[in-house]
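# sequence plus the predicted model coming up.
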There are 2 protein chains.
Amino acid sequence: MENTEIIDLLSKHIPISENLAQLILEYSQIKMLQKGAVILREGQMANECFFIINGCMKKYYLKDGEEKITKFYTEGEIITPSSYTNQEPSKYYVSTIEKTIVSYGNPESENAIYKNHPELESLTRKLGEKLMVNTTNEFDNWVNHNPEERYLQLVKERPDLIQRVAQYDLANYIGIRPESLSRIRKRLLK
Amino acid sequence: MENTEIIDLLSKHIPISENLAQLILEYSQIKMLQKGAVILREGQMANECFFIINGCMKKYYLKDGEEKITKFYTEGEIITPSSYTNQEPSKYYVSTIEKTIVSYGNPESENAIYKNHPELESLTRKLGEKLMVNTTNEFDNWVNHNPEERYLQLVKERPDLIQRVAQYDLANYIGIRPESLSRIRKRLLK
DNA sequence: CAATCTCGTTGACCTAAGTTAAGAAGTGAA
DNA sequence: TTCACTTCTTAACTTAGGTCAACGAGATTG
């Protein structure tokens, strides 16, 4: 039922052949996470990576008991915690902010796939390169803009987030307090 | 003359076998760049990537005629412009801030190497993964700290940059004006 | 040597975001 | 319906950084 949805979503990002679709369906495991579920904590080892079929998640640090959100993930995005790739305790948290349906993998199943289908390595590498460019762009974009500009950019490029994410989480992500975002919004209405 | 130095520097970051050292020396080309040389401009296609043997470079955007520095590179670091990997016009500039000696490569020589020595692909992938983790950490680090904290962190983790980079470039990198960095430094002397 | 430039510093004033506190609107539960 | 809780908004005040202008120390040049 959700399985074909995975292929639909994935194919929006990279070309998926019949064979590949078959393969993905064969290996995919799915689970449903309640709103607010914390799927990775600081200090933990991540032994799963996730593909969001439906829902929304956030990645955040805890600094003096305060959340610092650095990323939202939505449908079609992949969460590969750095703790998962380099086997070190995680420095950050990942949790859902809505009921979220994910497909997930672990190192064993991943290795099994690569062993049986080595042609996937290059696909992964390409996805990785794309991710790298995205991450760099995000960083540069952050550095080049002030909170108001970042908010405007969110409105333009991720209107979905404006709708589904609470304003205090948006403000946090933008790097300001909810009160300030409130003022910015007021200011923008002129 | 500088050739053995390349291996020394590289081996600080990843293990280099005898064979690999041989290979690198065989393919490496070296050039010397004057202080202030701009090696990549906005809008240009990058057809070279660089390895710094000696010297210092900066990566920056031009926004309303103002530089916005997002990265310094020093000895042992590799500059692979995103324009180089994905063949799109560059969005940023790269220039030297000192006389700089680099080893450089282009897609043709890179392909030649991979063709003759496919075992290097996995090495490159690992370097890439390390780079990805670094980039993400840098971003998260930026988001989690204010200018004063960023300056203190620079002092602690990149004292070399404090010494060799002009204060207005440091301030720019930290995300503030030179006057503000001056005040922060004064404040910190208590 | 004086004249010029570059770079860092300082001071006065301005502005956007932080802080604190209060209140309004919506939701859900008793 | 009332109460509690969450989320967003508003206001008053504080503060860190921006802006503008001036100055001083080194380095460079004529």
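Nice, I can see it.

# what's next to whichever helix or strand residue A:179 is part of, contact-wise?
Using DSSP states H and E, residue A:179 falls within helix A:178-188. Here helix A:178-188 makes contact (C-beta atoms under 8 Å, 6 or more residues apart in numbering or on different chains) with A:147, A:148, A:151, A:152, A:167, A:168, A:170, A:171, A:172, A:174, A:176. All C-beta atoms are positioned from the backbone trio N, CA, C, and that covers glycine.

# again, 7 Å this time
The contact list for helix A:178-188, computed with C-beta atoms under 7 Å, 6 or more residues apart in numbering or on different chains, reads A:147, A:148, A:151, A:167, A:168, A:170, A:171, A:174.

# now distance to DNA strand D and neighbour count too, for the residues you listed, in TSV please.
Formatted as TSV, the contacts of helix A:178-188 follow (distance: C-beta to the nearest atom of the strand, whole Å; neighbours: other C-beta atoms under 10 Å in any protein chain shown):
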residue	distance to DNA strand D	neighbour count
A:147	12	15
A:148	13	17
A:151	11	22
A:167	3	12
A:168	4	15
A:170	8	21
A:171	8	22
A:174	13	22
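
# do the strand or helix carrying residue A:149 and chain B come into contact?
With elements taken from DSSP H and E, the one containing residue A:149 is helix A:147-157. No - Helix A:147-157 stays clear of chain B (C-beta under 7 Å from any C-beta of the partner chain), getting no nearer than 10.4 Å.

# so how many other residues sit close to residue A:68?
Residue A:68 has 19 neighbours, counted by other C-beta atoms under 10 Å in any protein chain shown.

# residue of chain A nearest chain B, please.
Proximity of chain A to chain B (C-beta to the nearest C-beta) peaks at residue A:139, 4.4 Å away.

# how many other residues sit next to that residue?
Residue A:139: 19 surrounding residues under other C-beta under 10 Å.

# check residue A:117 too.
14.

# name the nearest residue to it, sequence neighbours excluded.
Excluding the flanking residues, the one nearest residue A:117 by C-beta to C-beta, 6 or more residues apart in numbering or on different chains is residue A:23, at 6.2 Å.

# relative to residue B:63, how far out is that neighbour?
From residue A:23 across to residue B:63, the span is 45 Å (C-beta to C-beta, to the nearest Å).

# likewise for residue A:142?
Residue A:142 is 13 Å from residue B:63, by C-beta to C-beta.

# before we move on, what about residue A:98?
For residue A:98, the distance to residue B:63 (C-beta to C-beta) stands at 35 Å.

# who has more neighbours, the two?
residue A:98 (15 against 10).

# tell me how many other residues surround residue A:65.
The tally of other residues near residue A:65 (other C-beta under 10 Å) stands at 5.

# ignore what I typed, I meant residue A:126.
When counting by other C-beta under 10 Å, one arrives at 11 neighbours for residue A:126.

# cool, residue A:179 as well?
Using other C-beta under 10 Å, the number of residues around residue A:179 comes to 10.

# that one and residue B:162: what is the separation?
Separation of residue A:179 from residue B:162 (C-beta to C-beta) stands at 36 Å.

# now do residue A:35
Distance from residue A:35 to residue B:162, by C-beta to C-beta: 46 Å.

# if we can go back for a sec, what are the buried residues along the strand or helix carrying the residue nearest to residue A:117?
According to DSSP H and E, residue A:23 maps onto helix A:18-27. Residues A:20, A:21, A:23, A:24 are the ones in helix A:18-27 that count as buried (16 or more other C-beta atoms under 10 Å in any protein chain shown).

# and the longest helix for chain A?
Using DSSP state H, we find that the single longest helix of chain A is helix A:120-143.

# same for that one, what does it pack against?
If contacts are counted by 3 or more C-beta pairs under 7 Å, 6 or more residues apart in numbering or on different chains; DSSP states H and E, helix A:120-143 sits against helix A:107-116, strand B:66-74, helix B:82-86, helix B:120-143.

# what residues sit buried inside it?
Buried residues in helix A:120-143, counted by 16+ other C-beta under 10 Å: A:128, A:129, A:131, A:132, A:135, A:136, A:139, A:140, A:142, A:143.
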